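*Asks:* predicted model follows, preceded by the sequence.
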Amino acid sequence: MNSQKRWGVFPLVAVLALAGCARRDQAPQPAGKQVLRISQRNEPADLDPAIASLPDEFFIIRALSEGLVIPAPDGEAVLPASAARWDVSPDHLSYIFHLRFDERWSNGEPVTADDFLESYRRALSPGTAAPKAALFFPVKNAREFLSGSLDDFRSVGLKAPNPHTLVVTLARPMLPSEFLLYAASGPWIPVNPRTVSRLGRRWTRPGNFVGNGAYILTEWLPNQRITVAPNPLYRGAAQIRLAAIQFVRFDDEDGEERAYRAGQVDVTMKVPTERIETYARERPAELHRAPLAETRYLSFNTSRPALKDPRIRRALSLALDRRRIVNNVLRGGQEPAGQLIPAAISAGAPGNSPFQMPEHNPAEARRLLAAAGYPEGRNFPRLELAGWSSTPVLEAIQAMWKKELGIDAAIVIREARAHVAALRLGEYDVGFITLIPDVANPISILEDFTTGSPNNYPQWSDAVFDGLVSQAAAASDPAEIKRLLRAAESRLLIEAPLAPVYFNSKNWVMGTYVHGWHEDALWTRYYVDLWMDGTGAPAESKGR
């Protein structure tokens with residue numbers, strides 16, 4: 001088996017909460033109760049790995065199913081999952097995955113290589129409209145099959161010579177440290193083809209869901225909670241110590257934080273900014289912080305007349321005081337972003353950009369805006385600034401544009417799924433959005449902004465950029481890949497279809513009685529080794 005490290009040194013959340021004695025502001029749970037309640041921010045649109053697009057959806061999917069390999073909790077090499085081992089050809093073009101003989105679906109059926117093959121055929125079929133199908137593009141002819149230019153799936157580099165062997169042939173040589181990150185990504189998680197064929201879209205409902213993961217889906221109360229329970233047929237069932245995991249829906253961090261203090265949830269998604277210092281001072285053992293490989297950025301809809309000119313887009317970007325946003329508004333360890341690719345990925349991987357956008361240059365912003373025909377913002381149309389949350393950040397951006405450029409922007413907040421749908425359809429002016437890479441690979445990130453990509457929210461098309469990314473994807477020499485990706489990211493930042501704002505970090509609270517919590521910098525969670533002691537959940541302390 002090949003076990004290669006990821007590119008670079010990756011910031012990792014690998015938090016094992018230390019056991020703590022009972023506190024006066026904690027309410028004991030019944031002895032032996034092992035139901036872990038995790039805050040869930042967005043209601044899943046789907047739990048189908050081919051259809052899902054949000055981290056919130058994959059939080060649950062990864063509890064129910066797993067692929068050939070999975071990301072490792074330590075952020076280094078991927079780990080065997082459905083595949084017990086794999087072999088790599090000397091030219092790094094072929095990967096042979098050997099499936100476990102004892103692998104079972106939750107309905108008792110054996111997991112076979114044909115199941116993986118049919119799952120991948122479905123994800124790549126144009127009619128499925130899989131939002132993350134591009135994660136199969138390293139596979140020979142996968143891109144062509146998805147586009148419809150090739151209609152014979154037998155020509156795609158995926159073969160199942162026997163029930164326990166899956167052969168993957170790549171479009172170009174890739175080292176295990178690169179390709180296995182793709183194989184560990186969400187869309188590579190299989191589905192049970194017979195269940196999907198029989199039930200259609202209803203297969204993801206409780207009682208219908210058939211997976212090969214550590215848990216089974218037992219309850220889905222829309223906009224309330226989703227519950228999973230241990231899968232007795234999972235190969236590592238003996239390691240599962242929780243009776244259930246509940247993903248409890250909250251609209252915002254204020255609601256979940258109140259629920260945490262009231263003893264109604266054990267792990268939150270986020271701590272409200274104004275509460276971070278209080279937790280750090282009064283309950284430091286419950287407060288956790290970790291950097292993420294995540295860039296939050298503004299997407300400019302280049303199909304809008306007012307945003308077609310790159311000088312205007314750069315002016316809007318240069319008017320932002322990013323350091324003020326992270327220091328005065330967010331105050332949670334975030335870093336101002338002068339490039340798109342997160343430093344955690346670019347620092348040790350090909351594609352470290354030599355071009356850094358200035359964090360704040362209002363004089364140059366005003367010059368560019370005037371050169372584009374709008375001195376001091378006169379006659380510039382009112383913009384719509386859309387987001388799914390982070391209202392204080394949007395308000396800060398709104399104020400900076402008004403102060404520095406004389407440009408008015410109206411803030412619009414939508415539910416996350418509706419916001420992403422609007423961006424994908426081009427029904428917005430400026431959208432605040434998060435870039436969470438599916439794999440720690442700059443090529444995968446930059447491909448999102450090539451012509452026709454479903455994640456090209458700016459609706460941007462640039463032949464120079466497309467050519468550089470395409471050449472990088474086809475190249476095999478590391479130095480050449482690095483040169484091409486540097487040039488591609490520089491082109492993206494200069495043309496400015498987007499404006500990076502900050503690199504995100506996560507601040508959350510978790511009961512000291514929760515053990516074995518692991519979550520990496522790409523928001524991948526691990527549920528097998530979780531357990532709780534009898535201390536119980538924190539309750540609202542007197543006087544709070």
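*Replies:* Yep, it's here.
*Asks:* when you work out contacts or count neighbours from here on, use the C-alpha atoms and nothing else.
*Replies:* OK.
*Asks:* residue 505: neighbour count?
*Replies:* Burial of residue 505 is recorded as 18 neighbouring residues (other C-alpha atoms under 10 Å).
*Asks:* correction: the previous question concerned residue 222.
*Replies:* Residue 222 has 10 nearby residues by other C-alpha under 10 Å.
*Asks:* what's the next secondary structure element after the strand ranked longest in the chain?
*Replies:* Longest strand in the chain, counting residues (DSSP state E): strand 287-300. Sequence order places helix 310-318 as the next helix or strand after strand 287-300, per DSSP states H and E.
*Asks:* what's in contact with the helix or strand that comes right after that next one?
*Replies:* From helix 310-318 onward toward the C-terminus, using DSSP H and E, the following helix or strand is helix 322-324. Outside helix 322-324, the residues that touch it by C-alpha atoms under 8 Å, 6 or more residues apart in numbering are 335-337, 359-360, 501-502.
*Asks:* report the distance from helix 322-324 to the chain centre.
*Replies:* Distance of helix 322-324 from the chain centroid (C-alpha atoms, centre = their mean, to the nearest Å) equals 24 Å.
*Asks:* in that helix, what counts as buried?
*Replies:* 322-323 (16 or more other C-alpha atoms under 10 Å).
*Asks:* ok, now stretch 268-276?
*Replies:* For stretch 268-276, the neighbour count (16+ other C-alpha under 10 Å) marks 268-272, 276 as buried.
*Asks:* residues in contact with residue 169?
*Replies:* For residue 169, counting by C-alpha under 8 Å, 6+ apart, the contacting residues are 93-95, 139-140, 157-158.
*Asks:* now do 10 Å
*Replies:* Counting by C-alpha atoms under 10 Å, 6 or more residues apart in numbering, residue 169 makes contact with 89, 92-96, 138-141, 156-159.
*Asks:* before we move on, back to that, buried among the contacts of helix 322-324? Need that as a selection in ChimeraX.
*Replies:* To isolate the buried ones among the contacts of helix 322-324 in ChimeraX, judged by 16+ other C-alpha under 10 Å, type:
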select :335,336,337,359,360,501,502
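*Asks:* using JSON lines, lay out the contacts of helix 322-324 together with secondary structure.
*Replies:* JSON lines is the format used below for the contacts of helix 322-324 (DSSP: H, G, I helix; E, B strand; the rest coil):
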{"residue": "335", "secondary structure": "strand"}
{"residue": "336", "secondary structure": "strand"}
{"residue": "337", "secondary structure": "coil"}
{"residue": "359", "secondary structure": "coil"}
{"residue": "360", "secondary structure": "coil"}
{"residue": "501", "secondary structure": "strand"}
{"residue": "502", "secondary structure": "strand"}
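*Asks:* name the strands paired with the longest strand of the chain and say parallel or antiparallel.
*Replies:* In the sheet, strand 287-300 lines up against strand 430-435 (antiparallel), strand 498-509 (antiparallel) (DSSP bridges).
*Asks:* kindly present those as a markdown table, with separate columns for mean pLDDT and distance to residue 116.
*Replies:* Shown next, in a markdown table, are the strands paired with strand 287-300 (pLDDT from 0 to 100; distance: least, C-alpha to C-alpha, whole Å):
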| stretch | mean pLDDT | distance to residue 116 |
| --- | --- | --- |
| strand 430-435 | 95 | 28 |
| strand 498-509 | 95 | 34 |
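*Asks:* which ones are touching the residue most central in space within the chain?
*Replies:* By C-alpha atoms, centre = their mean, the chain has its centre lying nearest to residue 436, at 3.9 Å. With contacts defined as C-alpha under 10 Å, 6+ apart, residue 436 is in contact with 54-55, 292-296, 342, 445, 504, 521-523.
*Asks:* and for residue 236?
*Replies:* Taking C-alpha under 10 Å, 6+ apart as the criterion, residue 236 is in contact with 213-214, 528.
*Asks:* now, of those, which are buried?
*Replies:* Here, 16+ other C-alpha under 10 Å leaves 213-214, 528 buried among the contacts of residue 236.
*Asks:* any chance of those in TSV, with pLDDT, distance to residue 36 and secondary structure too?
*Replies:* Shown next, in TSV, are those (pLDDT from 0 to 100; distance: C-alpha to C-alpha, whole Å; DSSP: H, G, I helix; E, B strand; the rest coil):
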residue	pLDDT	distance to residue 36	secondary structure
213	97	17	coil
214	97	15	coil
528	90	12	coil
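*Asks:* for the residues you listed, which one is nearest residue 509?
*Replies:* Set against residue 509, the nearest of the buried ones among the contacts of residue 236 by C-alpha to C-alpha is residue 528 (20.5 Å).
*Asks:* what sits closest to that closest one if chain neighbours are left out?
*Replies:* residue 240 (5.6 Å; C-alpha to C-alpha, 6 or more residues apart in numbering).
*Asks:* and if you look at residue 315?
*Replies:* Sequence neighbours aside, residue 365 is the residue nearest to residue 315 in space, at 4.0 Å (criterion: C-alpha to C-alpha, 6+ apart).
*Asks:* wait, that neighbour sits on residue 406?
*Replies:* No - the criterion here is C-alpha atoms under 10 Å, and residue 365 misses it with residue 406 at 11.3 Å.
*Asks:* just to revisit the earlier point, which SSE is the residue nearest to residue 315 in?
*Replies:* Element membership of residue 365 [criterion: DSSP H and E] is helix 362-371.
*Asks:* so what secondary structure elements neighbour the next helix-or-strand element following that helix?
*Replies:* Counting by DSSP H and E, the next helix or strand C-terminal to helix 362-371 is strand 383-387. With contacts defined as 3 or more C-alpha pairs under 10 Å, 6 or more residues apart in numbering; DSSP states H and E, the packing partners of strand 383-387 are strand 287-300, helix 391-405, strand 409-413, helix 416-425, strand 430-435.
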